[in-house]
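Engineer: This is the structure alone, sequence omitted:
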């Protein structure tokens, strides 16, 4: 009881410290608004707003039809360019795709001679280069049917029809995914940096020494930081979820918010503990920044939120199992999009919890040593 | 240098008022401070002494009134910059303006360089200063590892290196032991002898020091009460001592209730001692900080520790509190051995450490309440107790002030209040009254005496004040980790046949010092100025000096070099990350898990499903038997897609009735789902082609032939796009994080005061700060490019010159961004957080790493335009993979340069050259 009260009182102190730093508060707001909204609206890894130029050497109705059919949301309006501009435009990365429609295009179509259309792709634009050409091909195929002599007779049916049905995100809106992923990233970065910096601040200002001559135990100190910083993040993340993700972006959250909240709390336990652990491994704030940031970058890029986990080498996938964000990403996707129930996601929750416990245990062993190092 | 003897006053103040919020620190001060004299500023804590000094030193912005120093207007930035070379300012606080990881020599050397001194000049000056302060043997010790007294001496050396005409010292001897203090003033005297032109302005809490000054300014509540020589003040007040005179000068209400503490003789009860030490020893490596110290302190006794700085007092106290386990020997509290985890004992002990260790971001009241609660005082009792403490320690007026804005003396009072808030049975106080004014000190002693005599509280304290040591029941004199003598003060004086405790103590110390080190205090500074010293460097007053930039750069670089951990993180971190990313970040989608729900179960349906098997893109899982399973296994994430083959598939296929196969995709990760759909469709096409062939049907005709041509990366290998992008990513993230703390750390830890007081411009300071980080970032750049080529086999196909130029400008921009954050942020926490949160979004999402820049719209488009990573991404991918050169990339180089310049200019504009 007494321990809990200490943890509570120390946590209140944490919050007061936090409120004294307007720059920090501003950054928290920024990270849960702008940095969730903007990328989800624009920076999506898909053929969305793909930039395309058309070299129209035919200037016919058919070629115009194609040009006008390249439309948002998949494509930005096609820009007409001349043949001689192709290389320069591609070099400068102005367009991801260039479509070259040959002279006599419509003429050949009506004669039933299949003309050759060239699609030039900037293959360094990895997220669009793969699928873009097949989208463009489909559009061209569709748009030229009215002009095509062989149209009617060859519309012979395929022998087997394949219907693909996207579950959980019927229109495959990448923005939904990005929004959730940004929230996860911001949760991680806030939790690690706030808690870790709070520990180091106490060290650099000598206050930790004072706390340890009081009837307090190191774990009380640790849990006070975990709950206080964790709570700040929970509030910010939930507000962002309702106001930005559901409100401004309009993602229909399929699963139970309650379940997500539960998972968020477990995740915050583990990731704030990670922040504390990192803080006990270094001696000063500059060192902490240089240790914690790479850890966060790895968490952000390799947990399955930015690129799929299955694309990574097996060894790396195994290592990432020891990082809580991997489980939180998979948990969040399951709950938000697949409406997964608690019985489906409990392994993720359990793993996050166990990882958190390991961090706490390790930090506690480091704590005394860290104090000795203050000398 | 011209002789500046035209002014009669070292400084003049007219109608100067300074407010912090609603609090008036200075309230209409008019003062003429005579030149070429030693001037003392005395007064209670928090009456504006420090503010006054910082205004004269030019490190604080003047709110109202006029301040002139050395004959010029300190509100004039031009004059200030020229006069800084002739002023030295040492701020309050033990070694607050020193750089703890730099050695003693490096600290002083930095100041020498800052004032444009040549190597020769610095060498003789430092040699001379060290000789006269006895710092020579410690020249390579980091400043952070010095005792308080040595820090102050070092601070003085740093101030004196440039022969200032006005030396401003804010409580320079607070926390310094008597011997060191005596040496300190002797040193000042010698320097004044050599440089009679120099005016010295000192704020002090020690009245015995004030005695030696030529002229005193007594202050109270933001106003000057009296000025004059010590004799004059004593005469005017009819008091024998300056201390009494000072108290007389205070207005009636300030000294009401003040009386000389009277101490009752103490009676031993013979009960178990409250504190015992037996052969207590502490070693740090080969250094023995405490060497077999033993003592017994009985319940209710006041026991004093008197000793030089760094003699092991603080370490002994830490062992008693359990903060530090002793190497040898035992410490007992209440007859029980002290253990690190013994929470119950701590409840009965109050501790106050030498350095301020309370929360500076909380108010006085919040600090007190927090501690009351942590000691489990019930809530209403806690509030009562807090109010009691506020009254007892005269903290009411400061109750709602943040601890960080309190003057030193008031902070000490707060620390004391915190130490006694839970009514402990033992009080362990490490120099509790350092920096506290005489009245508050007496008030505090009254409290101690009452606690001891009436409540039987045992008090163990260390002090530098002889009159305080005399009040102790027994005391122990320490030196170099050993106890020299122990006993009642009177007894110790008698033993040495000394006239006062101070004499006795210094006698003991000198005896011990003679035994241990043969070298006596230095021969001193040569007083003849005739010796041909190299003259002061010429760059000191110029507007822009490479020497000063180099001074800042060198200092920052040395600090970085001393920090092996940080260097290792900075140099190896990016390489490690690059390796992880190079293998880990891939947009290649493979191993998609799927399962088949085959309602038909015929050879034809099996043939259809077979077309998905044996590919690296797909991993088949156990088959499905119904929709429920399909739904569940998609929802729990086991399957990425499921194929449903309807009943009658074979029959329909044979009759040409076009059976319909369903593919259910998990689109929770749309990128993966889109790719999977592409794969599935191409498998389907393949299947259909073969099916038509097997049936002897002609292939389906298409209206248009498509010829797809992939530029730059024909094999569509992620690595050729990702490795150049990784370089872009790491070179913005790590260098900006590295630089982000450079300025804010100095702000938070106090050494920024050196910049305020230096004759250096903001431009020089920031260039100097940025350069070492640019150096580190360039090493990172070189190693990352090498890694890309050697390990990942991604060659540079385009222009090397553009890549290198781009790399250099890019790190200027990324370190510049870190610098901007550092100038803007107020705390280190905010700075590292800002560096992380602000850089990562544009670098990962808007730079073109994953999403082509040409597809960005709105806020993302804008962010991409103003952030450097976008432009370097174009250069990196352009030169590595796209085989491009200057014609295609020059715009990016220009944009990077413009951004780097803007970051720098904004940083310079935002940086403050004075405190508010």
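Structural biologist: Yep, it's here. Because the structure is a prediction, the values reported are computed rather than measured.
Engineer: Next, the buried residues of stretch B:335-348.
Structural biologist: Within stretch B:335-348, the residues that qualify as buried are B:338, B:345, B:346, B:348, counting by 16 or more other C-beta atoms under 10 Å in any protein chain shown. For glycine as for every other residue, the C-beta is placed from the backbone atoms N, C-alpha and C.
Engineer: Any buried residues in the longest helix seen in chain A, and which?
Structural biologist: Assignment by DSSP state H gives helix A:342-374 as the longest helix of chain A. Using 16+ other C-beta under 10 Å as the test for burial, helix A:342-374 gives A:344-345, A:348-349, A:351-353, A:355-356, A:359-360, A:362-364, A:366-367, A:370-371.
Engineer: So what's the residue count around residue B:216?
Structural biologist: Counted with other C-beta atoms under 10 Å in any protein chain shown, residues neighbouring residue B:216 total 25.
Engineer: distance of it from residue B:187?
Structural biologist: Remark: distance between residue B:216 and residue B:187 (C-beta to C-beta, to the nearest Å) = 21 Å.
Engineer: again with residue A:259
Structural biologist: According to C-beta to C-beta, residue A:259 and residue B:187 sit 71 Å apart.
Engineer: same question, residue B:302
Structural biologist: For residue B:302, the distance to residue B:187 (C-beta to C-beta) stands at 34 Å.
Engineer: helix, strand or coil for the residue most central in space within chain A?
Structural biologist: In chain A, the centroid-proximal residue (C-alpha atoms, centre = their mean) is residue A:181; its distance is 3.2 Å. At residue A:181 the chain is in helix, as set by DSSP: H, G, I helix; E, B strand; the rest coil.
Engineer: how does chain B divide into domains?
Structural biologist: B:9-254, B:301-311+B:339-516, B:552-581+B:717-910, B:592-695 (automatic domain parsing).
Engineer: now chain A
Structural biologist: For chain A, the structural domains run A:2-43+A:174-374, A:52-147, going by automatic domain parsing.
Engineer: Show me the one of those that comes nearest residue B:798.
Structural biologist: Among the domains of chain A, the nearest to residue B:798 by C-beta to C-beta is domain A:52-147 (9.6 Å).
Engineer: could you give the mean pLDDT of the closest one?
Structural biologist: Here domain A:52-147 scores 83 as its mean pLDDT.
Engineer: Start and end of it, how far apart?
Structural biologist: Terminal residues of domain A:52-147 lie 23 Å apart, using C-alpha to C-alpha, to the nearest Å.
Engineer: distance between it and the chain's centre?
Structural biologist: Relative to the centre of its chain, domain A:52-147 is centred 31 Å away, using C-alpha atoms, centre = their mean, to the nearest Å.
Engineer: Which ones among the buried residues of stretch B:335-348 map onto helices?
Structural biologist: Those of these mapping onto helices are B:345, B:346, per DSSP H.
Engineer: what's the closest of the buried residues of stretch B:335-348 to residue B:66?
Structural biologist: residue B:346 (53.4 Å).
Engineer: Low-confidence regions, the chain specifically.
Structural biologist: If you meant another chain, say so; for now it's chain A. Applying pLDDT under 70 to chain A flags the ranges A:43-45, A:150-157, A:368, A:370-375.
Engineer: wrong one, chain B
Structural biologist: When residues are selected by pLDDT under 70, those of chain B lie in B:1-7, B:253-260, B:266, B:268-270, B:340-341, B:513-543, B:713-716.
Engineer: May I ask you to name the longest helix in it?
Structural biologist: Assigned via DSSP H, chain B shows its longest helix as helix B:762-790.
Engineer: Show me which parts of that helix are buried, residue by residue.
Structural biologist: B:762-778, B:780-781, B:784-785, B:787-788.
Engineer: Can you tell me the SS state at the residue nearest to the residue nearest to the centre of chain A when sequence neighbours are not counted?
Structural biologist: Leaving out its chain neighbours, the residue that sits closest to residue A:181 by C-beta to C-beta, 6 or more residues apart in numbering or on different chains is residue A:305, at 4.0 Å. Classification of residue A:305 using three-state DSSP returns coil.
Engineer: what's the answer for residue B:291, then?
Structural biologist: Assignment for residue B:291 (three-state DSSP): strand.
Engineer: For it, which residues are in contact?
Structural biologist: B:281, B:312, B:480, B:481, B:482 (C-beta atoms under 8 Å, 6 or more residues apart in numbering or on different chains).
Engineer: Quick one: the helices in the stretch 151-300 of chain A, in order.
Structural biologist: For the stretch 151-300 of chain A, the helices defined by DSSP state H, counting those that start in this stretch occupy A:174-204, A:207-211, A:218-239, A:257-280, A:285-302.
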